[in-house]
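Asks: My questions concern the predicted model and sequence given below.
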Amino acid sequence: MTGRLIGAAEAVASGASTGGPIAQFKNVSKSFRRGDGRDLPVVTGINLDIAKGAIVTILGPSGCGKSTLLNMLAGIFPPTTGEVLYHGRNQAGLNHQTGYMTQNDHLLPWRTVAGNVRAPLEIRNFSKRDANDRVGALLKTVGLADFGSSYPTQVSGGMRKRAALDHLADATDSFVVERNG
């Protein structure tokens, strides 16, 4: 990666595949307007290619721009300058193929673990049978098959994170990143 995340964050990518990049940051900068009208630069001149299947870690102190990069990739807001590309296409508007997990799992407390995992499928109009099949498979994959009828308050923090990961897997098609800190 070239460029600067304010506060000296660093990105490390490994496990790159032979195909072209799934995501690219091309000379990306992002500034936010402060209350006094001045611009606050958060990231400057970022150049980063992320290959499909790569494991990417972005390290840095609070406030240096880690979440800003994720938010631009998800299409929550555009860069001030440069381009953010996903599968070679400029990110304009929300990118429904991406998602990321924050420190908070954001599970709905009134829904069971299975119900939380099922929610994105319901939104996407999956049939009840298809949704239940997929939920069952996902819960099994992350070791929660015996906890589908439990509520978030009845499972451990690690189990909640796994349920949130399943929820995220249902909501997106291909790109999952995790944000911690």
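Replies: Received, thanks. Given the structure is predicted, the values throughout are model-derived calculations rather than measurements. Numbering: from 1, shown residues only.

Asks: mind checking pLDDT for the residue of the chain most remote from its centre?
Replies: Distance to the chain centre peaks in the chain at Asp36, reaching 31.4 Å (criterion: CA atoms, centre = their mean). On the pLDDT scale, Asp36 is placed at 91.

Asks: Next, the contact list for the nearest residue to Ala145 once chain neighbours are set aside, please.
Replies: Ranked by CB to CB, 6 or more residues apart in numbering and with sequence neighbours excluded, the top spatial neighbour of Ala145 is Leu139, at 5.0 Å. For the C-beta atoms, the positions are set from N, CA and C on the backbone; glycine is no exception. By CB atoms under 8 Å, 6 or more residues apart in numbering, the residues touching Leu139 are 113-114, 117, 145, 147-148, 163, 166.

Asks: ok, Leu139 to Arg162 distance?
Replies: 9 Å (CB to CB, to the nearest Å).

Asks: so where's the chain uncertain?
Replies: 1-19, 99-103, 167, 169-181 (pLDDT under 70).

Asks: all strands for it, in order.
Replies: 2-5, 10-14, 21-33, 39-51, 55-59, 81-86, 89-90, 98-101, 175-178 (DSSP state E).

Asks: mind exporting the fifth one as PDB, just the C-alpha atoms?
Replies: Right, strand 55-59. Output in PDB follows, covering the C-alpha atoms of strand 55-59 (Å, rounded to 0.1, in the frame of the first residue of the first chain):
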ATOM      1  CA  ILE A  55      -6.500 -11.600   3.900                       C
ATOM      2  CA  VAL A  56      -6.000  -7.900   4.600                       C
ATOM      3  CA  THR A  57      -5.200  -6.300   7.900                       C
ATOM      4  CA  ILE A  58      -5.300  -2.600   8.400                       C
ATOM      5  CA  LEU A  59      -3.500  -1.500  11.600                       C
END
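
Asks: Pull up the pairing partners for that strand, direction included.
Replies: strand 10-14 (antiparallel) (DSSP bridges).

Asks: Would you mark the buried spots in stretch 134-152?
Replies: Buried residues in stretch 134-152, counted by 16 or more other CB atoms under 10 Å: 134-135, 138-139, 142, 144, 147-148, 151-152.

Asks: Pick out the most distant pair among these.
Replies: Distances among the buried residues of stretch 134-152 were taken as CB to CB; the most separated pair is Arg134 and Tyr151, at 20.5 Å.
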